[in-house]
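S.K.: When you get a sec, could you give me coordinates for this:
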Amino acid sequence: MPALPSGVMTDRRRFLALSASALAVAACSEKSTSGGSGAELRVGMDLTYPPFEMQDKAGKPDGVGVKIAEALAAKLGRPLKIVPMQFTGLIPALQTGSIDLILSSMTASDERRKSIDFSDPYAFTGLAILVQKNSDIQSIEDLKKPGRSLTAKAATTGQIWITDHLPSAKLVVFEDEASCVQEVAQGRADGFIYDQLSIFRYNKENPDTTRGLLKAFVEESWALGIAKGNDALREQVNEFIKGFRADGGFEKLGAQYLQEEKKFLEAQGIPFIIR
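M.R.: Got it, this is the predicted structure:
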């Protein structure tokens, strides 16, 4: 898990982040008894990220990531257990052996590779910006002006990018995306930096108060997180991704969950995110 830089979170929000990690680890305190064929495959997810990882109306896990996990478990011949937790708790849970994999739209960043290994990528996206509807901000360059206030979800690459590249900006971090969107919609933040499709969706949901700058200014890829040194499982996951792609699995999930987003990306000349 990337270390959260000092000075960018309020004490209350730092408490929330630390508590989330502790709760996640405590909630998943069952230790692995076997990683072999037939053992339960425990996959950690933050189920607050529709349509990738979410809950359906009955409260059951659903979404693109859930379907990928189900197909992976079936391929490996192992019962699937989805372990829900906040995003900040995923890497600590993997490191302590409370889960076997992370499948939660997680960017395979160099910073995270210091803590965990990653599979081959299954999705390709980038960072975009949600701004106020009447803002003068037109690109990431405009956020470099002094006095800008920004918001980001905790422990995401959006937060890390702001900290690394816009150190003079005032940054407010939340555990959930909805709070970030409200910061912009209600005029308390100049911009929310997050992945391209989410910015597209939040702008669609708030057309009277927000505007999406959808051209990605940083390219990213998502992959499954695997404990350091678990090369056997990493090779199994990579083999699954290769076969799932060849069988059209990602294309089918796009048609099921992301029809509007797929249409938007194709209109922009951008290859579809999961491929």
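S.K.: Can you report how many residues lie near Asp253?
M.R.: Quick fix: residue 253 reads Leu, not Asp. Neighbours of Leu253 under the rule other CB atoms under 10 Å: 21. In this view, the C-beta of every residue, glycine as well, is placed from N, C-alpha and C.
S.K.: ok, it touching Lys67?
M.R.: Yes. Shown here, Leu253 and Lys67 form a contact pair, counting by CB atoms under 8 Å, at 5.7 Å.
S.K.: and the longest strand anywhere in the chain, which residues are buried?
M.R.: Secondary structure of the chain per DSSP state E: the longest strand is strand 210-222. The neighbour-count check on strand 210-222 (16 or more other CB atoms under 10 Å) flags Thr210, Arg211, Gly212, Leu213, Leu214, Ala216, Phe217, Val218, Glu220, Ser221, Trp222 as buried.
S.K.: Reformat those as TSV; add distance to Leu258.
M.R.: Output for the buried residues of strand 210-222, formatted as TSV (distance: CB to CB, whole Å):
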residue	distance to Leu258
Thr210	21
Arg211	22
Gly212	16
Leu213	20
Leu214	15
Ala216	16
Phe217	22
Val218	21
Glu220	17
Ser221	17
Trp222	13
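S.K.: ok, these vs Leu103, which is closest?
M.R.: Distance to Leu103, by CB to CB, is smallest for Trp222 among the buried residues of strand 210-222, at 9.1 Å.
S.K.: Now that closest one: closest residue in space, sequence neighbours ignored.
M.R.: Ala123 (4.0 Å; CB to CB, 6 or more residues apart in numbering).
S.K.: Next one, pLDDT for that neighbour please.
M.R.: Ala123 is assigned a predicted lDDT (pLDDT) of 92.
S.K.: what's it in contact with, if anything?
M.R.: Ser105, Ser221, Trp222, Ile273, Ile274, Arg275 (CB atoms under 8 Å, 6 or more residues apart in numbering).
S.K.: which ones are touching Glu141?
M.R.: So Glu141 contacts nothing (CB under 8 Å, 6+ apart).
S.K.: Give me the secondary structure label for it.
M.R.: What DSSP: H, G, I helix; E, B strand; the rest coil gives for Glu141 is helix.
S.K.: what's the answer for Ser115, then?
M.R.: coil.
S.K.: Which phi and psi values does it adopt?
M.R.: Main-chain torsions, Ser115, degrees, to the nearest 10: phi -110, psi -30.
S.K.: Now do the strands in this structure.
M.R.: 41-45, 54-55, 61-62, 80-84, 101-102, 117-118, 123-132, 149-153, 170-174, 191-195, 210-222, 225-226.
S.K.: ok, and what's touching the longest one?
M.R.: By that I understand strand 210-222. 105-109, 121-133, 135, 137-140, 157, 161, 181, 184-185, 195-196, 199-200, 202-203, 268.
S.K.: I am finished for the moment; much appreciated.
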